[in-house]
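# I would like to see how this sequence folds:
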Amino acid sequence: MAIVDRIPELSEKELESFIANAVRLKDEGSTAQKQQAEELLPLLSAALEERRAERVATQVETRRVNTRKRAEAKATKA
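Down below sits the predicted model:
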(Lines give C-alpha, C1' and ligand atoms only; values in the text may rest on other atoms or scores of the structure.)
Protein backbone atom coordinates (compact mmCIF):
# COMPACT_ATOMS: atom_id res chain seq x y z
CA MET A 1 0.00 0.00 0.00
CA ALA A 2 1.38 3.39 -1.00
CA ILE A 3 1.83 6.13 1.57
CA VAL A 4 -0.68 8.30 -0.28
CA ASP A 5 -3.34 5.63 0.25
CA ARG A 6 -2.57 5.48 3.98
CA ILE A 7 -2.90 9.22 4.65
CA PRO A 8 -6.61 9.10 5.65
CA GLU A 9 -5.80 6.44 8.27
CA LEU A 10 -2.90 8.30 9.90
CA SER A 11 -3.17 10.11 13.22
CA GLU A 12 -1.96 13.65 13.78
CA LYS A 13 1.18 12.34 15.43
CA GLU A 14 1.90 10.00 12.52
CA LEU A 15 1.31 12.81 10.02
CA GLU A 16 3.72 15.06 11.93
CA SER A 17 6.33 12.31 11.85
CA PHE A 18 5.84 11.71 8.12
CA ILE A 19 6.12 15.45 7.45
CA ALA A 20 9.36 15.68 9.43
CA ASN A 21 10.79 12.73 7.52
CA ALA A 22 9.65 14.14 4.16
CA VAL A 23 11.30 17.49 4.94
CA ARG A 24 14.51 15.71 5.90
CA LEU A 25 14.46 13.56 2.75
CA LYS A 26 13.67 16.57 0.57
CA ASP A 27 16.86 18.20 1.81
CA GLU A 28 19.16 15.19 2.22
CA GLY A 29 17.72 12.23 0.30
CA SER A 30 18.51 10.69 -3.04
CA THR A 31 16.94 12.10 -6.18
CA ALA A 32 14.03 9.64 -5.98
CA GLN A 33 13.50 10.37 -2.27
CA LYS A 34 13.55 14.11 -2.90
CA GLN A 35 10.97 13.76 -5.64
CA GLN A 36 8.67 11.57 -3.54
CA ALA A 37 9.03 13.89 -0.54
CA GLU A 38 8.12 16.93 -2.64
CA GLU A 39 5.03 15.12 -3.92
CA LEU A 40 3.95 13.98 -0.45
CA LEU A 41 4.57 17.15 1.56
CA PRO A 42 1.51 19.10 0.32
CA LEU A 43 -0.76 16.07 0.79
CA LEU A 44 0.54 15.37 4.28
CA SER A 45 0.33 19.02 5.30
CA ALA A 46 -3.23 19.34 4.04
CA ALA A 47 -4.28 16.20 5.90
CA LEU A 48 -2.66 17.45 9.11
CA GLU A 49 -4.39 20.82 8.86
CA GLU A 50 -7.71 19.07 8.26
CA ARG A 51 -7.23 16.88 11.35
CA ARG A 52 -6.33 19.89 13.46
CA ALA A 53 -9.35 21.84 12.24
CA GLU A 54 -11.61 18.90 13.08
CA ARG A 55 -10.08 18.64 16.54
CA VAL A 56 -10.56 22.34 17.21
CA ALA A 57 -14.17 22.20 16.02
CA THR A 58 -14.82 19.25 18.32
CA GLN A 59 -13.23 21.08 21.26
CA VAL A 60 -15.33 24.20 20.61
CA GLU A 61 -18.52 22.14 20.48
CA THR A 62 -17.58 20.29 23.67
CA ARG A 63 -16.98 23.60 25.47
CA ARG A 64 -20.31 24.92 24.21
CA VAL A 65 -22.17 21.83 25.45
CA ASN A 66 -20.40 21.89 28.83
CA THR A 67 -21.15 25.59 29.30
CA ARG A 68 -24.81 24.99 28.52
CA LYS A 69 -24.92 22.06 30.98
CA ARG A 70 -23.33 24.18 33.75
CA ALA A 71 -25.78 27.01 33.10
CA GLU A 72 -28.74 24.61 33.23
CA ALA A 73 -27.43 23.03 36.43
CA LYS A 74 -26.96 26.45 38.00
CA ALA A 75 -30.47 27.53 36.97
CA THR A 76 -31.92 24.34 38.41
CA LYS A 77 -30.22 24.94 41.76
CA ALA A 78 -31.40 28.55 41.94
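
# Distance from the chain centre to the longest helix seen in the chain, please.
Taking residue count as the measure and DSSP state H as the definition, the longest helix of the chain comes out as helix 31-77. For helix 31-77, the gap between its own C-alpha mean and the chain's C-alpha mean amounts to 7 Å (C-alpha atoms, centre = their mean, to the nearest Å).

# Check which helices and strands it is in contact with.
Based on contacts counted as 3 or more C-beta pairs under 8 Å, 6 or more residues apart in numbering; DSSP states H and E, the elements that helix 31-77 packs against are helix 3-6, helix 12-28. From N, CA and C alone the C-beta is placed, and that goes for glycine too.

# 6 Å instead, please
Counting contacts by 3 or more C-beta pairs under 6 Å, 6 or more residues apart in numbering; DSSP states H and E, helix 31-77 packs against helix 12-28.

# can you pull the contacts of residue 48?
Each residue near residue 48 by C-beta atoms under 6 Å, 6 or more residues apart in numbering is listed here: residue 15.

# Pull up the gap between it and residue 59, please.
Distance of residue 48 to residue 59, given as C-beta to C-beta, to the nearest Å: 16 Å.

# Over to residue 35?
When distances are taken as C-beta to C-beta, residue 35 and residue 59 turn out to be 37 Å apart.

# the more surrounded of these two?
Set side by side, residue 35 and residue 59 show more neighbours around residue 35, with 13 against 10, by other C-beta atoms under 10 Å.

# Lovely, talk soon.
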